[in-house]
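Asker: Structure for the following, please:
(one chain, ligands or ions: 1)
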Amino acid sequence: MFKLRKGIFLYLLIATAFVFTAGGYFYVEEVPSEYEKAMAQIKYQFGYSNVYAVNRNSTNGEKAVQSDADRAKTVYLTFDDGPSARTLEILDILKKHNIKATFFVISDEKETSREIVKKIYDEGHSIGVHSASHSYETIYKSVEHFLKDFEQCLEYIKDITGEVPNIFRFPGGSVNSYNKKICKELTDEMVRRGFTYFDWNVSSDDAVKGYTEESIYSNVMNGCKNHSVSVVLMHDSAPKKATVAALERIIPDLLEQGYTFDRLDETAQPTVFRIE
Ligand SMILES: [Zn+2]
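Answerer: Just a heads-up that it's a prediction; the model follows:
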């Protein structure tokens with residue numbers, strides 16, 4: 001009888017030791033666990049409480065999205081990375097032709113930059129969030145990193161214009177080589193928060209090495225010809241005088257061909273890249 005109890009005791013001791021060892025082993029192998037992932041998601045979903053879009057044009061909470069057919073031959077010019085030494089020139093050209101465009105801005109705190117953002121707003125153009133740091137390495141580390149940067153830029157725009165921006169453009173576009181691991185989770189989270197993001201279907205390629213006024217002009221003119229609704233990517237940054245020069249020709253030439261220009265807002269059907 002005694003021997004049997006001793007046997008059971010030894011058996012339990014070995015079994016317990018095994019469970020602990022195996023448990024430790026699996027713990028190391030399973031980082032992060034599904035539970036940890038869920039907790040992290042809840043943490044950022046409850047965090048950044050200012051990062052929610054207020055839909056200004058909503059009717060019964062439904063967005064009145066215009067279809068592509070409603071907007072045939074519409075061109076949305078979009079300018080990323082401003083404000084810059086070129087912004088006032090761009091604004092003058094837009095004003096001359098009485099057209100509206102969209103600026104996805106970087107929250108530069110210089111007083112002159114803040115004044116330019118105010119002017120963009122006062123002249124009736126759309127302002128969307130682009131980034132605070134514009135550092136791909138930082139913002140695409142995780143959804144939380146992105147939200148932190150986004151919040152800073154959102155607060156900047158809100159502070160200057162008095163309105164919460166509800167549209168944005170991802171630096172590098174919604175799908176890029178820096179955010180592959182998180183882009184589905186990230187785009188889902190931003191949409192859940194009520195924001196509309198826009199990629200583009202026409203690139204001026206004014207950020208591609210070797211660009212000229214001529215290359216920008218023909219990229220945009222040919223691109224718009226191939227789309228009923230065009231969202232055109234251009235850049236508003238100090239060195240890009242060629243973009244401004246091309247713009248001076250692009251607008252009157254497209255107007256002459258019967259195109260109309262508009263600014264993006266949450267009622268525009270988003271042009272977005274497909275997540276594979
Ligand atoms: Zn950018």
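
Asker: Please identify which residue in the stretch 151-276 of the chain comes closest to the ion.
Answerer: P171 (4.6 Å; CB to the ion). Using the backbone N, CA and C atoms, a C-beta is placed for each residue, glycine as well.

Asker: Correct me if wrong: that residue contacts V129.
Answerer: No. The pair P171 / V129 is not scored as a contact, 10.2 Å apart, by CB atoms under 8 Å.

Asker: and the chain, which of its residues are near the ion?
Answerer: 80-81, 171 (CB under 5 Å from the ion).

Asker: Tell me which helix or strand comes right after the lowest-mean-pLDDT helix or strand in the chain, heading toward the C-terminus.
Answerer: Within the chain, confidence by mean pLDDT, DSSP states H and E is lowest for helix 2-29 among all helices and strands, at a mean of 59. Using DSSP states H and E, the helix or strand that follows helix 2-29 in sequence is helix 34-46.

Asker: contact partners of that next one?
Answerer: 32, 143-144, 147, 185, 189, 192 (CB atoms under 8 Å, 6 or more residues apart in numbering).

Asker: residues contacting the spatially most central residue of the chain?
Answerer: What sits nearest the mean C-alpha location of the chain, by CA atoms, centre = their mean, is F170, with 2.5 Å. Residues near F170 by CB under 8 Å, 6+ apart: 176, 179, 197, 199.

Asker: ok, and the closest non-adjacent residue to G223?
Answerer: V202 (3.2 Å; CB to CB, 6 or more residues apart in numbering).

Asker: ok, that neighbour touching V229?
Answerer: No. Using CB under 8 Å, V202 is not in contact with V229, being 9.9 Å away.

Asker: So in that sheet, which strands flank the helix or strand containing T78, and in what orientation?
Answerer: T78 is located in strand 74-80, with elements delineated by DSSP H and E. Strand 74-80 pairs in its sheet with strand 102-106 (parallel), strand 229-235 (parallel), strand 260-261 (parallel), by DSSP bridges.

Asker: pLDDT below threshold where in the stretch 1-150 of the chain?
Answerer: Counting by pLDDT under 70, the stretch 1-150 of the chain contains low-confidence ranges at 1-31, 55-64.

Asker: can you rerun that using 50?
Answerer: 57-61 (pLDDT under 50).

Asker: buried ones in stretch 44-57?
Answerer: The neighbour-count check on stretch 44-57 (16 or more other CB atoms under 10 Å) flags 44, 48, 51, 53, 55 as buried.

Asker: What's the local residue count around the closest residue to L186 other than its chain neighbours?
Answerer: Nearest residue to L186, sequence neighbours excluded (CB to CB, 6+ apart): V143, at 5.3 Å. Around V143 there are 22 other residues, counting by other CB atoms under 10 Å.

Asker: residue contacts, V143?
Answerer: 44, 182, 185-186, 189.

Asker: again, but for A245
Answerer: E213.

Asker: Assign it to helix, strand or coil.
Answerer: helix (DSSP: H, G, I helix; E, B strand; the rest coil).

Asker: For it, give its distance to K100.
Answerer: As judged by CB to CB, to the nearest Å, A245 and K100 stand 21 Å apart.

Asker: now swap in I116 and tell me
Answerer: In terms of CB to CB, I116 sits 17 Å off from K100.

Asker: Please identify which of those two sits among more neighbours.
Answerer: Taking neighbours as other CB under 10 Å, I116 and K100 compare with I116 leading, 23 against 16.

Asker: My read is that the more buried one contacts T87, right?
Answerer: Yes. Applying CB under 8 Å as the test, I116 and T87 come out as touching, 4.9 Å apart.

Asker: Quick check: M234 touching F79?
Answerer: Yes. The pair M234 / F79 is scored as a contact, 5.3 Å apart, by CB under 8 Å.

Asker: just to revisit the earlier point, looking at V202 and V229, which one has more neighbours?
Answerer: Per other CB under 10 Å, whichever of V202 and V229 has more neighbours is V202, with 25 against 22.
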